[in-house]
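J.: build me a model from this:
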Amino acid sequence: IVFTEGAVQKAPGTIQWNATALSAGIVSVHHWQPDLVTERFVAVTSTGDIYKGRDRQFGTAINATISSALTPNCIFSEGGAETAGRGKKLFLFTGGATNPYVLSGDGTAFTTMGSPNTDWTSTGTFPKFGVVHRNRLWAFAGQISYASDSGNHENFQTANLTEPVYPGEGGELRGAYVFKGRLLAFKDGGFAYMLNDTSTSENDWYWQKISSNFGLSAPNALAEVLDDLIAGNTQGTLTSYAASEKLGNIEAADIIQGMQFESYLRGNTSKVGVTVQHTLYYAEKKMLFSTYRSAYYTYNDMMIMIDFGRLDRLRPALWIKGYPQCLSLYKDVNQIERPMYGDKDGYLHLMDAEDRLEGTASYTGAFQTPHIDFSHMGGEFSSMEKHFDFLSVHYAPESSGDLSCDYYIDGRYIETITFPMIQYTRPKLGTMTLGTDRLAQPNTETSTRRIYGTGRTFSAYFYNSGSNQSFQVPAITVSFRPGGDKAMQV
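T.: Okay, the predicted model is just below:
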């Protein structure tokens, strides 16, 4: 579900970009624009094939089997154009499986980096990830950071920098990010560092430790959200960098714990998936996405969506649809950055589509109210027996089909009832019905059903799963009679 326009809505679907699946699951994808008129989608598979596509088709691989096994820890980094007249380049870091690869402009294939550092000789020494900062391409391997020649991002042998990051402390470097103009690096063991590059002399730059309790789960598990940096952590939740610095401990900065969502998340996901986690912020709709894995799966198959539309109350939702292995952004025709993901079956999905289909498959949208005792109306309602009479759903008619509801009294399932999600079309006195006129769509309507039962608490679980079925519910009304009293609405 999503929380937009003052209502609970079924999450939007996706457009399956390529009709023909790639050779294996997609572990990394990038929307590549080497110039103002050219755009390509570049995808990497788990079997090491690289594809470059346009017009909703990838064709054959431009590079075959650069490595026999790649993971979603692969990272693309845009660089090049170091001096006037030089073109843009797209760098691919394979999580330490190979030396970095580079695509020059709209070239026909990726090539190995022109002048890699002489330290990079094997899978144990190849850089795992990289990012451009201060006109240099920074690459990270083991516990060492490497910076390219500022005039050539492929040159790590001359006019370059090599700077150990607190050697001997913690494990290997796990990820890096440029946040508010400062380069941050993260190590296994919860350590975070900032490059102190205030000096005009690059020889005086050095790494400064800024945290000992910021454990990053994976290289792609970092996202800048509004004025904060959110990261997937090794505990399987999400950490606010700003809160971590302000409050001084990882527990206080855990946004999942702050939403009281932690126990549910731990009970429905496996920590195994966090080592290849992707985290992405969709600024247009203020949504944060993070990939997770169900228990017993060997790949990530769900996402957590957190709505940042109200900073005083972050709202999470679990999206169990598709099989997202990697997340990225692409620019639509209006130059708005929108999310996309590559799945385990070799398909690229453009997210936030109007249809309620995941590619071609339907999916379930569902939400449940808490087991409420209505004590917010007064302390006497907490223990009072209530006779429940009616349940009303206020909805915006935008879908065919029904919204099903299982309701519970004192935790016991009572029955399933249904509510229509279509516009009311029966004639009314003094009203001319326009049928399917969309001008009438935003007006909410109300559907009421009789319910039965007596108890202290009430909960309702709403859902639908038909092809292209949706719902938009701004409010729910429960009508009940306190023991021995007349009917009351809440």
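
J.: so where do the helices sit in the stretch 201-350 of the chain?
T.: Using DSSP state H, counting those that start in this stretch, the helices of the stretch 201-350 of the chain run over 241-247, 255-258, 262-268.

J.: any regions of the stretch 351-490 of the chain where pLDDT drops low?
T.: 424-442, 484-490 (pLDDT under 70).

J.: which residues in it form strands?
T.: 365-368, 386-395, 402-409, 412-420, 445-450, 454-455, 458-464, 472-473, 475-482, 488-489 (DSSP state E, counting those that start in this stretch).

J.: show me the shaky parts of the protein.
T.: For the chain, the ranges with pLDDT under 70 are 243-252, 424-442, 484-490.

J.: so residue 306 bridges to which residues?
T.: residue 288, residue 316 (DSSP bridges).

J.: returning to what we had before: among the helices of the stretch 201-350 of the chain, which is the most enclosed?
T.: Stretch with highest mean neighbour count among the helices of the stretch 201-350 of the chain: helix 255-258 (a mean of 20; mean count of other CB atoms under 10 Å). C-beta: built from backbone N, CA, C; applies to glycine.

J.: one step back: could I get the helices of the stretch 201-350 of the chain as TSV with distance to residue 405?
T.: Shown next, in TSV, are these (distance: least, CB to CB, whole Å):
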stretch	distance to residue 405
helix 241-247	37
helix 255-258	28
helix 262-268	21
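
J.: and the end-to-end length of stretch 42-57?
T.: In stretch 42-57, first residue to last residue: 11 Å (CA to CA, to the nearest Å).

J.: is it true that residue 340 touches residue 326?
T.: No. Contact criterion CB atoms under 8 Å: residue 340 and residue 326 do not qualify, at 9.2 Å.

J.: now stretch 325-345: buried residues?
T.: 325-330, 338-344 (16 or more other CB atoms under 10 Å).

J.: from the chain's centroid, how far away is it?
T.: Computed by CA atoms, centre = their mean, to the nearest Å, the chain-centroid distance of stretch 325-345 equals 11 Å.

J.: same thing with stretch 66-76?
T.: Using CA atoms, centre = their mean, the offset of stretch 66-76 from its chain centre is 20 Å.

J.: just stretch 14-30 next, same as before
T.: With CA atoms, centre = their mean, you get 17 Å for stretch 14-30.

J.: now the end-to-end length of it.
T.: Start-to-end, stretch 14-30 (CA to CA) is 17 Å.

J.: can you pull the buried residues of that stretch?
T.: 14-18, 21-30.

J.: just the closest of these to residue 297, please.
T.: Here the nearest of the buried residues of stretch 14-30 to residue 297, counting by CB to CB, is residue 25; it sits at 12.7 Å.

J.: now that closest one: closest residue in space, sequence neighbours ignored.
T.: Closest residue in space to residue 25, ignoring its immediate chain neighbours: residue 344 at 4.0 Å, by CB to CB, 6 or more residues apart in numbering.

J.: which residues touch residue 339?
T.: Residues near residue 339 by CB atoms under 8 Å, 6 or more residues apart in numbering: 280, 282, 289, 327-329, 351-352.
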